[in-house]
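**Student:** Show me the folded form of this:
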Amino acid sequence: MEQLKADTGAWIVVCDGAKALIFENKGDRQYPDLRVCEVFEQENPPTSEQGADRPGRSHSSVGPGRSAVGQTDWHDLAEAKFLKDLADHLHLAIHGGKTKQLFVVAPPRALGMIREHYTPAIKQALTKEIDKDYVKMPADQIEKMLVK
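**Tutor:** Have a look, this model is predicted:
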């Protein structure tokens, strides 16, 4: 991976659908020094542990037929909400002057979900997206992977 060209004060957001680490570059472009400044986590058990009811049934509008209604995927809904909340937080941080430059590192699925919630301010601050799943690594290893 090419080295991040992160300015001093840039935020590097490493996330998936249940956890986000926000690093701030305390160094400069030449010698980055990433420090964890915020951590967000959400418990998100599998759908089978979240939904207690069986899928619903509907009656046909014509005749005696009945059919099943698809089961809600509570796990996916929780991931989508987490990533929307994260995007809202990033928007507020950019407008509040906490950062001007943003990098997002996430697995492809999570990148697709969070992109839906990018505001014009996020798009303007966004320098690069990296489709890697680093969020479960220790912070020092994440830094090594991003600045090597």
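**Student:** residues near the residue nearest to residue 107 when sequence neighbours are not counted, how many?
**Tutor:** Closest residue to residue 107 apart from its sequence neighbours, by CB to CB, 6 or more residues apart in numbering: residue 133 at 4.1 Å. Quick note: C-beta positions are derived from backbone N, CA and C, even for glycine. When counting by other CB atoms under 10 Å, one arrives at 15 neighbours for residue 133.
**Student:** Pretty sure residue 133 sits in a helix.
**Tutor:** No - counting by DSSP: H, G, I helix; E, B strand; the rest coil, residue 133 is located in no helix; its state is coil.
**Student:** pretty sure it is in contact with residue 16, am I right?
**Tutor:** Yes - using CB atoms under 8 Å, residue 133 is in contact with residue 16, at 6.4 Å.
**Student:** Read off the pLDDT value for the residue nearest to residue 130 when sequence neighbours are not counted.
**Tutor:** Among residues not flanking residue 130 along the chain, residue 105 sits closest, at 4.4 Å (CB to CB, 6+ apart). At residue 105, the pLDDT value in this model is 96.
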